[in-house]
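1. the following comprises the amino acid sequence and a computationally predicted model.
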Amino acid sequence: MLTNPVPGSPLLSLPAYLEASRSKYDACLTHVDHAHTVPGATANVRLHHVRFDGNGEPKFGALVRVLFDHVIYYCVASLRRPKQLTADEWGEFHRIARSYFRQIETSGEAGEILLYLLLEAVLGAPQVVCKMELKTNRNMEVHGADGLHMSYDEARDLLNVYLGEAKLHQTVAGAVASVFESLERLHASGQVAHELRLVTNFFKHANEPLRERVSAYLDEMNPQGQVSITHACLIGYDWKEYGQLATPARTKFIAEFTERYREHGAELVKKVAARFAEFPKKHLAFEFFFVPFHSVEEFRSAFFRELHGGGVA
């Protein structure tokens, strides 16, 4: 639910437009602290994972339900819906939001809405364009970046634009490679400038002074402030270690999960660093959200069933 924008500079009101629930994020997701770094790049590596429930099961089902609860905020611009939704309005807007999703279980949209949750709940960067609303065909993927979010650094008077890229693959190597291939295409095609124009033309919130100030910063010909581009990348993949939950090593695996994942993180960073060696835009900033799954295909399918009434265990 939106809060009232704070007084002062319009850009200072950006946090007031966060709609993802931090408490729901905390109920099913957490992260592992580590000291891994990517040499030669301005890149944060974030090792996220689903929590375990009281019986030692990863809460993948809870994550699916949390994402399902956020589809209105993710898909429908706040300027096109009431600030306070009645029960009937909630049902109607939820139906509208669900209608934007592809009718295919292998869609990458489950990863895209998960990245939305991470950007809002973890980085405190509100979504500024509902790209799902811009689709002309529900059976097509979103074009360009998988998400557009922003934050404002008052101390440096810097508007930070997050361009999302979400990949769910069976292997982490495949997911990392796919992320960098998409980023290379995004820059080679000149799509980044188009994404910034989308912010000006399709700003999702009804605060006109904020929209005007954001547009002034993004003005290509006469910018009135500094803008930084950050690529926010979700890398979801199958982690074979979860298979130990079905073996006599189950209890030991759960007890050692944090340390095992932290050690695994060193290998993840090596894969990212290897791709940066030939990446032409390493001067930009990056946020990498790693999330291991028991099965990304099961996650996609569970989200699809939840969207279309099949439910999830």
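-> In hand now; what should we look at? Numbering: from 1, shown residues only.
2. show me where this protein dips below the pLDDT cut-off.
-> Counting by pLDDT under 70, the chain has low-confidence residues at 1-8, 310-313.
3. which parts of it are helices?
-> Per DSSP state H, the chain carries helices over the ranges 22-28, 60-69, 71-75, 87-98, 109-121, 172-188, 191-201, 208-218, 250-255, 257-276, 296-307.
4. show me the contacts for residue 153.
-> 159-160 (C-beta atoms under 8 Å, 6 or more residues apart in numbering). Using the backbone N, CA and C atoms, a C-beta is placed for each residue, glycine as well.
5. I'd assumed residue 11 was in contact with residue 126.
-> No: if you go by C-beta atoms under 8 Å, residue 126 and residue 11 don't touch, sitting 11.6 Å apart.
6. if we can go back for a sec, most packed of the helices of the chain?
-> helix 109-121 (a mean of 25; mean count of other C-beta atoms under 10 Å).
7. centre of the chain to that one, how far?
-> Centroid separation for helix 109-121 versus its chain: 3 Å, with C-alpha atoms, centre = their mean, to the nearest Å.
8. and it with helix 296-307, angle?
-> 80 degrees (axes from the mean of the first three to the mean of the last three C-alpha atoms, to 10 degrees).
9. helix 109-121 relative to helix 172-188, how many degrees between them?
-> On the basis of the same axes, to 10 degrees, helix 109-121 is oriented at 80 degrees to helix 172-188.
10. could you export helix 109-121 as PDB, CA atoms only?
-> Only the C-alpha atoms of helix 109-121 are listed here, as PDB (Å, rounded to 0.1, in the frame of the first residue of the first chain):
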ATOM      1  CA  GLU A 109       7.900 -14.400 -16.000                       C
ATOM      2  CA  ALA A 110       8.200 -16.200 -12.600                       C
ATOM      3  CA  GLY A 111      11.800 -15.100 -12.500                       C
ATOM      4  CA  GLU A 112      10.900 -11.500 -13.500                       C
ATOM      5  CA  ILE A 113       8.400 -11.000 -10.700                       C
ATOM      6  CA  LEU A 114      10.900 -12.500  -8.300                       C
ATOM      7  CA  LEU A 115      13.400 -10.000  -9.400                       C
ATOM      8  CA  TYR A 116      10.800  -7.300  -8.800                       C
ATOM      9  CA  LEU A 117      10.300  -8.500  -5.200                       C
ATOM     10  CA  LEU A 118      14.100  -8.500  -4.600                       C
ATOM     11  CA  LEU A 119      14.600  -5.000  -6.000                       C
ATOM     12  CA  GLU A 120      11.800  -3.500  -4.000                       C
ATOM     13  CA  ALA A 121      12.100  -5.500  -0.700                       C
END
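11. that one vs helix 60-69, what angle?
-> 80 degrees.
12. who's in contact with residue 218?
-> 159, 161, 196-197, 199-200, 227.
13. now it: how far from residue 247?
-> Distance, residue 218 to residue 247, by C-beta to C-beta, to the nearest Å: 53 Å.
14. now do residue 93
-> 45 Å.
15. residue 67 too?
-> As judged by C-beta to C-beta, residue 67 and residue 247 stand 29 Å apart.
16. nearest the geometric middle of the chain, what residue?
-> Centroid check for the chain by C-alpha atoms, centre = their mean gives residue 115 as the closest residue, at 1.4 Å.
17. tell me who's in contact with that one.
-> Residue 115 makes contacts with 146-147, 164-166, 232, 234, 289, as judged by C-beta under 8 Å, 6+ apart.
18. do residue 56 as well
-> Residue 56 makes contact with 245, 250-251, 254, according to C-beta under 8 Å, 6+ apart.
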